[in-house]
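In: fold the following for me, if possible:
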Amino acid sequence: MRKVIVTIVLAVIMLSFTVQRKPTIYLIGDSTVRNNNEQYWGWGSLLPEFLDTTRIAVANHAMAGRSTRTFQKEGRWDRVDALLMPGDYLFIQFGHNEGSAPDTTKQGYRGVLRGIGKDSLLLDWGDGKQEVVRTYGENLRRFVRAAKKKGVIPVVLSMIPRNQWDEAGHVKRANKDFGLWAKQIAEEEQVAFVDLNEITALKYEQIGADLVKKKYFPGDHTHTNHDGAMENASSVIAGLQTLKHPLTQYIK
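Out: Numbers count the residues shown, from 1 in each chain. All right, here's what the predicted structure looks like:
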């Protein structure tokens, strides 16, 4: 009898945990998604401001300085992958740290092959250590497929725009490289794509270069302050609303 009671209690506890668990949005990316939250902020830190967090959780696993390559190489993706459960969401935004040619130097440590192909490069680090370096698109593809395999809903985002302008007064876009490749992978894998690069760039152009610098970029041309990160988080929400994404049910 006592054994039966214990079994029932455990079953009730497990059922309670299942019912009460909220879906989670897991974020992976670089410093533009999560920063030190002092002078510089990432938009992922402020995304919960726009959501009903009594119904959905946000877990920001982005890390400054990481590329799609180093996020995997350092075991960060494995840690996120172990947490994913059916019904969760995975937001993927990389691109700012991918640009260098991949090699074994300090400069090439983060670099990836360009494009969305499945070609690869084998690097020899010495002492029997080798590393397979893939394209930016292939890295995204692997994140997306791993998430879908677990019943998780991926959302691919293009990188936030830098505070860089052309002579005509337009923000320089990433729509010919990393932004384009992110879009192509999303289309190939039939998952949602939020063109964060374009949405925020249009906002910047309405404000103007001088005011954008004054309001959002206290230091370099990549990292925003709190207000800039809030603007980018707002752009993420706007992108989801345009897509009529299921996540819009959680927007405040």
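
In: may I see the buried residues of stretch 42-52?
Out: Of the residues in stretch 42-52, those scored as buried under the neighbour-count criterion (16 or more other Cβ atoms under 10 Å) are Gly42, Trp43, Gly44, Ser45, Leu46, Leu47, Pro48, Phe50, Leu51. Placement of C-beta: from N, CA and C, glycine included.

In: what of stretch 199-211?
Out: Ile199, Thr200, Ala201, Lys203, Tyr204.

In: can you put those in JSON lines and add distance to Gly137, pLDDT and secondary structure?
Out: JSON lines is the format used below for those (distance: Cβ to Cβ, whole Å; pLDDT from 0 to 100; DSSP: H, G, I helix; E, B strand; the rest coil):
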{"residue": "Ile199", "distance to Gly137": "21", "pLDDT": "98", "secondary structure": "helix"}
{"residue": "Thr200", "distance to Gly137": "22", "pLDDT": "98", "secondary structure": "helix"}
{"residue": "Ala201", "distance to Gly137": "22", "pLDDT": "98", "secondary structure": "helix"}
{"residue": "Lys203", "distance to Gly137": "27", "pLDDT": "98", "secondary structure": "helix"}
{"residue": "Tyr204", "distance to Gly137": "26", "pLDDT": "98", "secondary structure": "helix"}
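
In: can you lay out the residues you listed as TSV showing distance to Asn232?
Out: Formatted as TSV, the entries for the buried residues of stretch 199-211 read as follows, by distance: Cβ to Cβ, whole Å:
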residue	distance to Asn232
Ile199	9
Thr200	6
Ala201	11
Lys203	9
Tyr204	11
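
In: and of those residues, the nearest to Met159?
Out: Comparing the buried residues of stretch 199-211 against Met159 with Cβ to Cβ places Thr200 closest, at 9.9 Å.

In: can you pull the contacts of that closest one?
Out: Residues in contact with Thr200, defined by Cβ atoms under 8 Å, 6 or more residues apart in numbering, are Ile160, Pro161, Glu231, Asn232, Ser235.

In: can you check His226 too?
Out: Remark: with contacts taken as Cβ under 8 Å, 6+ apart, His226 is in contact with Trp41, Leu46.

In: any idea how far Thr53 is from it?
Out: Here His226 is placed at a distance of 19 Å from Thr53 (Cβ to Cβ, to the nearest Å).

In: Pro218 now?
Out: If you measure Pro218 against Thr53 using Cβ to Cβ, the figure is 28 Å.
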